[in-house]
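> the following comprises the amino acid sequence and a computationally predicted model.
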Amino acid sequence: MQKRQHYDKKGILIMMKLLRSLKTSKSGASAAEYALIVAIMGGLVVAGSLLFGRALNTNLESSATLLNANQAK
């Protein structure tokens, strides 16, 4: 039984070292910041595409209506 406690303590110490190293590491924070920037930029691209598509659709419908009106004359 004593031997198992030794391994548990060793495992806890290893995990504590790992958590401390992650806490002081700046690479994870940088990656998260870059991911956030990419997500925001992606959202802006999607929003811009939707707005452009709606404007284009409206203009094409207007053109089609005018062409059909001129053909009827």
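Structure's in. What do you need? Numbers count the residues shown, from 1 in each chain.

> and the helices in the chain?
2-24, 27-72 (DSSP state H).

> so where's this structure shaky on pLDDT?
Counting by pLDDT under 70, the chain has low-confidence residues at 1-8, 22-23, 25, 27-28.

> and if we set it to 80?
Judged by pLDDT under 80, the chain has its weakly predicted residues at 1-12, 15, 18-29, 31, 72-73.

> in it, which residue is most central in space?
For the chain, the residue nearest the mean C-alpha position is residue 39 (3.0 Å; C-alpha atoms, centre = their mean).

> gap between residue 73 and residue 66?
The gap separating residue 73 from residue 66 is 11 Å, by C-beta to C-beta, to the nearest Å. From N, CA and C alone the C-beta is placed, and that goes for glycine too.

> those two - which one has more neighbours?
Remark: of residue 73 and residue 66, residue 66 carries more neighbours, 10 against 4, as counted by other C-beta atoms under 10 Å.

> and the contacts of stretch 61-73?
Residues outside stretch 61-73 that contact it (C-beta atoms under 8 Å, 6 or more residues apart in numbering): none are found.

> chain center to that stretch: distance?
43 Å (C-alpha atoms, centre = their mean, to the nearest Å).

> just the C-alpha atoms of it, please, in CSV.
Provided in CSV are the C-alpha atoms of stretch 61-73 (Å, rounded to 0.1, in the frame of the first residue of the first chain):
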residue,chain,number,x,y,z
GLU,A,61,-33.6,42.0,-60.2
SER,A,62,-34.0,45.7,-61.0
SER,A,63,-32.1,45.2,-64.3
ALA,A,64,-34.3,42.2,-65.2
THR,A,65,-37.5,44.2,-64.5
LEU,A,66,-36.4,47.0,-66.7
LEU,A,67,-35.4,44.7,-69.5
ASN,A,68,-38.7,42.9,-69.3
ALA,A,69,-40.6,46.2,-69.3
ASN,A,70,-38.7,47.3,-72.4
GLN,A,71,-39.4,44.1,-74.2
ALA,A,72,-43.1,44.4,-73.6
LYS,A,73,-43.2,47.7,-75.5
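
> buried ones in it?
Residues of stretch 61-73 classed as buried by neighbour count (16 or more other C-beta atoms under 10 Å): none.

> one more: stretch 33-51?
For stretch 33-51, it's none, nothing buried (16+ other C-beta under 10 Å).
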